[in-house]
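In: Kindly generate the corresponding structure for this input.
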Amino acid sequence: MGGHSHWAGIKHKKAVVDAKKGKLFTRLIREITIAARLGGGSLENNPRLRKAVEEGRAANMPSENVVRAIQRGTGELPGVHLEEVTYEGYGPAGIAVLCEATTDNRNRTTSEVRRIFSQHGGNLGETGCVAWLFQLKGYISVPKKTIPEEKLLTLVLEAGAEDFRTREAEVFEVVTACSDFDGVLRKIIEAGIEPDTAEQTYLPQSQVPVGREEAPRVLALTEALEAQEDIRNVYTNFEIPDDILQSLSA
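Out: The predicted model follows:
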């Protein structure tokens with residue numbers, strides 16, 4: 001019985017891993033297809049497509065999947081019609097939530113997202129209800145151990161960065177206007193530094209402090225939204241103290 005239970009556990013874990021990988025591949029394939037449809041199939045001339053393909057490679061997606069996704073986007077292969085949808089709403093503690101999704105069935109996805117909000121103490125809102133709380137910016141994080149703070153600060157400000165933050169324990173954070181993102185990133189890489197993160201993303205203009213009582217519900221909502229296979233990105237404006245996060249993950 002022990003061996004059977006162990007094998008069942010292994011199969012269950014493998015199924016969970018496979019399911020997660022399947023959802024990740026679905027998201028990446030949709031993003032590659034959309035990016036190719038909007039900006040063409042050239043990686044060199046389409047930054048969004050280049051980023052999506054790099055993420056696919058990092059996830060060990062088979063190259064043939066990447067090629068087919070690009071060809072569907074450019075119309076070389078037939079495929080389902082995909083559209084981009086943005087969802088906005090409020091969660092526990094009054095946090096704002098902004099989601100980007102890619103779907104082949106808007107009604108189905110909207111229904112699922114509304115259900116997730118409702119089940120986790122939130123409300124799906126109207127378009128524009130929270131978008132004004134976020135700004136699209138370039139965001140780069142650099143491990144603190146790779147470069148002295150003053151050197152990096154001088155480097156990125158001269159390259160056109162808007163903001164430089166040191167609040168994270170392990171990384172420096174660099175914020176740029178979207179138009180300056182590529183230039184700042186290039187300067188960092190030319191200095192021999194490999195960023196942890198480099199992306200254009202929505203950053204909150206202000207943050208909502210979340211205490212110990214509401215933290216589990218806030219995290220459960222964001223995790224459920226991130227697990228929904230049509231949702232590409234989830235942005236929120238909550239701020240949970242490190243000690244509370246550590247106690248919840250213990």
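In: can you map out the strands along this structure?
Out: Listed in chain order, the strands of the chain (DSSP state E) span 83-90, 96-103, 123-124, 134-143, 163-165, 171-176, 197-204, 208-209, 231-236, 238-239.
In: Give me the contact list for the last one.
Out: Okay, so that is strand 238-239. 91, 93, 95, 207-210, 218 (C-beta atoms under 8 Å, 6 or more residues apart in numbering). In short, each C-beta sits where N, CA and C put it, glycine included.
In: and the residue nearest to A224 when sequence neighbours are not counted, what does it touch?
Out: Distances taken as C-beta to C-beta, 6 or more residues apart in numbering place I116 nearest to A224, at 4.8 Å, with adjacent residues excluded. Each residue near I116 by C-beta under 8 Å, 6+ apart is listed here: 221, 224-225, 228.
In: so which of the residues you listed comes closest to D104?
Out: Q228 (13.9 Å; C-beta to C-beta).
In: Isn't the closest one up against E112?
Out: Yes - Q228 is within contact range of E112, at 6.0 Å (criterion: C-beta atoms under 8 Å).
In: Return the distance of V210 relative to R27.
Out: Using C-beta to C-beta, to the nearest Å, we find V210 at a distance of 27 Å from R27.
In: that older thread, would you mind giving the contacts of strand 238-239 as a markdown table with pLDDT and neighbour count added?
Out: Below are the contacts of strand 238-239 laid out as a markdown table (pLDDT from 0 to 100; neighbours: other C-beta atoms under 10 Å):
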| residue | pLDDT | neighbour count |
| --- | --- | --- |
| G91 | 96 | 26 |
| A93 | 93 | 18 |
| I95 | 95 | 25 |
| Q207 | 90 | 14 |
| V208 | 92 | 19 |
| P209 | 92 | 11 |
| V210 | 92 | 24 |
| V218 | 93 | 23 |
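In: Let's have those in CSV, adding distance to I147.
Out: Formatted as CSV, the contacts of strand 238-239 follow (distance: C-beta to C-beta, whole Å):
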residue, distance to I147
G91, 36
A93, 36
I95, 33
Q207, 27
V208, 32
P209, 31
V210, 32
V218, 33
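In: tell me which of those residues is nearest to E126?
Out: The nearest member of those to E126, counting by C-beta to C-beta, is G91 at 15.7 Å.
In: shaky segments in this protein?
Out: Counting by pLDDT under 70, the chain contains low-confidence ranges at 1-22, 250.
In: at 80 what do you get?
Out: Counting by pLDDT under 80, the chain contains low-confidence ranges at 1-24, 79-80, 167-169, 249-250.
In: what's the domain layout of it?
Out: If you go by automatic domain parsing, the domain ranges for the chain are 2-74, 82-250.
In: what about the helices in the chain?
Out: With DSSP state H as the criterion, the chain has helices at 2-39, 47-58, 63-74, 106-119, 149-159, 181-190, 215-227, 242-249.
In: So for L136, which of these sits nearest?
Out: L136 lies closest, by C-beta to C-beta, to one member of those: helix 181-190, at 10.1 Å.
In: what angle do that closest one and strand 171-176 make?
Out: Per axes from the mean of the first three to the mean of the last three C-alpha atoms, to 10 degrees, the angle that helix 181-190 makes with strand 171-176 is 140 degrees.
In: Neighbours of R115, how many?
Out: Neighbour count for R115, taken as other C-beta atoms under 10 Å: 13.
In: what's the distance between it and C99?
Out: Distance of R115 to C99, computed by C-beta to C-beta: 13 Å.
In: What of R108?
Out: For R108, the distance to C99 (C-beta to C-beta) stands at 15 Å.
In: quick revisit: export the helices of the chain to a markdown table and tack on distance to A198?
Out: Formatted as a markdown table, those follow (distance: least, C-beta to C-beta, whole Å):
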| stretch | distance to A198 |
| --- | --- |
| helix 2-39 | 16 |
| helix 47-58 | 9 |
| helix 63-74 | 20 |
| helix 106-119 | 28 |
| helix 149-159 | 12 |
| helix 181-190 | 5 |
| helix 215-227 | 20 |
| helix 242-249 | 24 |
